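*Asks:* this one's structure only:
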């Protein structure tokens, strides 16, 4: 009887600690404030200088990705799980 109360109290304590600690968590990789690579700088410059061309390229890329995603087979693999 005493061990059951101890287990219950311990479980409740663990839950309270976990709930209290959720507000303290931060992102594992915070987003950088400024571009970190040459590619990101060039992409920003291209978007500012060539907005119509950049918008067209983005639209084409989205359509291409959507087309490729639509071609992916749905469901499990024919060769079994994990393959």
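*Replies:* Cool, got the structure. Quick caveat, the model's predicted, so the values are computed rather than measured.

*Asks:* Helix or strand, whichever it is, which one in this protein has the lowest mean pLDDT?
*Replies:* In the chain, no helix or strand scores lower on mean pLDDT, DSSP states H and E than helix 38-49, which sits at a mean of 68.

*Asks:* Against which helices or strands is the helix or strand just after it packed?
*Replies:* Later in the chain than helix 38-49, the nearest helix or strand by DSSP states H and E is helix 51-71. For helix 51-71, the contact count by 3 or more C-beta pairs under 8 Å, 6 or more residues apart in numbering; DSSP states H and E identifies helix 38-49 as packing neighbours. Quick note: C-beta positions are derived from backbone N, CA and C, even for glycine.

*Asks:* Residue 57 - how many residues pack around it?
*Replies:* Look at residue 57: counted by other C-beta atoms under 10 Å, it has 13 neighbours.

*Asks:* The one 10 residues further on too?
*Replies:* For residue 67, the neighbour count with other C-beta under 10 Å is 9.

*Asks:* and what of residue 53?
*Replies:* Neighbour tally, residue 53, other C-beta under 10 Å: 11.

*Asks:* likewise the one 5 residues further on?
*Replies:* The number of residues packed around residue 58, counting by other C-beta under 10 Å, is 11.

*Asks:* any idea of the pLDDT on it?
*Replies:* Per-residue pLDDT puts residue 58 at 78.

*Asks:* ok, it - contacts?
*Replies:* By C-beta atoms under 8 Å, 6 or more residues apart in numbering, no residues touch residue 58.

*Asks:* What distance do you get for it to residue 24?
*Replies:* Using C-beta to C-beta, to the nearest Å, we find residue 58 at a distance of 38 Å from residue 24.
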